[in-house]
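>>> just coords:
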């Protein structure tokens, strides 16, 4: 049995400072080791550890920071160096698998947690003068103790686009993909360009075609390590597919029943492909 948190439990409010009085045993902890999240196994399900679990299992936590309130209780992010291999009640899971284990909303909070932990580690010192940084109490930011430079959590915007032509979509293979795995065209937004310009540029760079009718589809935080995926749909305009050596090794047009590998529908890529498949099935009725 896999536990999914009910909607009534999903009221998450990002906050800066924990309340002075709190039920510590009921606090939720998002604890990571090597970007894998610690979960408690028991009674046939997996769940987040509580503060009492942290104490009773003697889990050494580091870099603890407050995230906000979740399900009415305080919520913390932390890291551990313990491997806990002898504790059969503790497992470490890849955070990409979390939507299917504890639900999409809780997985999103976990993404926020690991994103902030990585940012914290990468901003211990000021990139301008080399002095140490300290947390600010009035906003989620860090400040250089010497020159006062502020550091806010880094978010790297990236686009992903599903291109349609004659009831088919364009999918491409990167050299590092597993066998038979294809994906949509995606890439980071560069300085000085709009996200729409990034869509056009990435498509030309990776597969050499031109597109029209760019439409916003949705977005998704993607903490691998600090991206925000911004999704679009578009229509083919002109050009022949040609590969960008090193980035793409194969690309082709696929009808809804030819798609070689369906991405999970918890990712924005999967939602785009499912949107296309659903539309094609309706047309075929």
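Thanks, I have the structure now. In this text, all values refer to a predicted model and were calculated from it rather than measured experimentally.
>>> Low-confidence stretches in this protein?
Along the chain, segments meeting pLDDT under 70 span 1-10, 22-23, 263, 281-285.
>>> What are the structural domain limits within it?
The chain resolves into domains spanning 12-122, 123-154, 158-280 when parsed by the TED database.
>>> Residue 129 contacts residue 144, correct?
Yes. Between residue 129 and residue 144 there is a contact under C-beta atoms under 8 Å: 6.5 Å. For glycine as for every other residue, the C-beta is placed from the backbone atoms N, C-alpha and C.
>>> mind listing the helices in the stretch 51-200 of the chain by residue range?
Secondary structure of the stretch 51-200 of the chain by DSSP state H, counting those that start in this stretch: the helices cover 51-56, 99-102, 104-122, 195-207.
>>> The second one packs against which elements?
Identification of packing neighbours for helix 99-102 by 3 or more C-beta pairs under 8 Å, 6 or more residues apart in numbering; DSSP states H and E yields strand 45-47.
>>> Then the first one?
When contacts are defined as 3+ C-beta pairs under 8 Å, 6+ apart, helix 51-56 packs onto strand 28-33.
>>> could you measure the spatially most central residue of the chain against residue 193, distance?
Residue closest to the average C-alpha location in the chain (C-alpha atoms, centre = their mean): residue 222, at 2.2 Å. Relative to residue 193, residue 222 is positioned 19 Å away (C-beta to C-beta, to the nearest Å).
>>> What of residue 133?
From residue 133 to residue 193 the distance is 30 Å (C-beta to C-beta).
>>> Give me the secondary structure label for residue 276.
Secondary structure assignment for residue 276 (DSSP: H, G, I helix; E, B strand; the rest coil): helix.
>>> OK, contacts around the spatially closest residue to it that is not a sequence neighbour?
Nearest residue to residue 276, sequence neighbours excluded (C-beta to C-beta, 6 or more residues apart in numbering): residue 169, at 5.4 Å. With contacts defined as C-beta atoms under 8 Å, 6 or more residues apart in numbering, residue 169 is in contact with 162, 163, 184, 253, 254, 259, 273, 276.
>>> out of those residues, which are inside strands?
Members of these lying in strands (criterion: DSSP state E): 162, 163, 253, 254.
>>> Is it possible to mark the buried ones in those residues?
162, 163, 253 (16 or more other C-beta atoms under 10 Å).
>>> Which one of those residues is nearest to residue 115?
residue 162 (25.3 Å; C-beta to C-beta).
>>> Now do the contacts for the residue nearest to the closest one when sequence neighbours are not counted.
Leaving aside its sequence neighbours, residue 162 sits nearest to residue 272 (C-beta to C-beta, 6+ apart; 4.4 Å). Residues near residue 272 by C-beta under 8 Å, 6+ apart: 160, 162, 184, 217, 231, 233.
>>> which among those residues gets closest to residue 50?
Comparing those against residue 50 with C-beta to C-beta places residue 231 closest, at 35.3 Å.
>>> The closest one: helix or strand, and which one exactly?
Here residue 231, judged by DSSP states H and E, is contained in strand 227-238.
>>> quick one: buried residues of that strand?
Going by 16+ other C-beta under 10 Å, strand 227-238 has these buried residues: 227, 228, 229, 230, 231, 232, 233, 234, 236.
>>> Kindly report the same for stretch 92-102.
With burial defined by 16+ other C-beta under 10 Å, the residues of stretch 92-102 counted as buried are 92, 95, 96, 98, 99, 101, 102.
>>> between those, which is closest to residue 201?
Checking the buried residues of stretch 92-102 one by one against residue 201 (C-beta to C-beta), the nearest turns out to be residue 96, at 27.5 Å.
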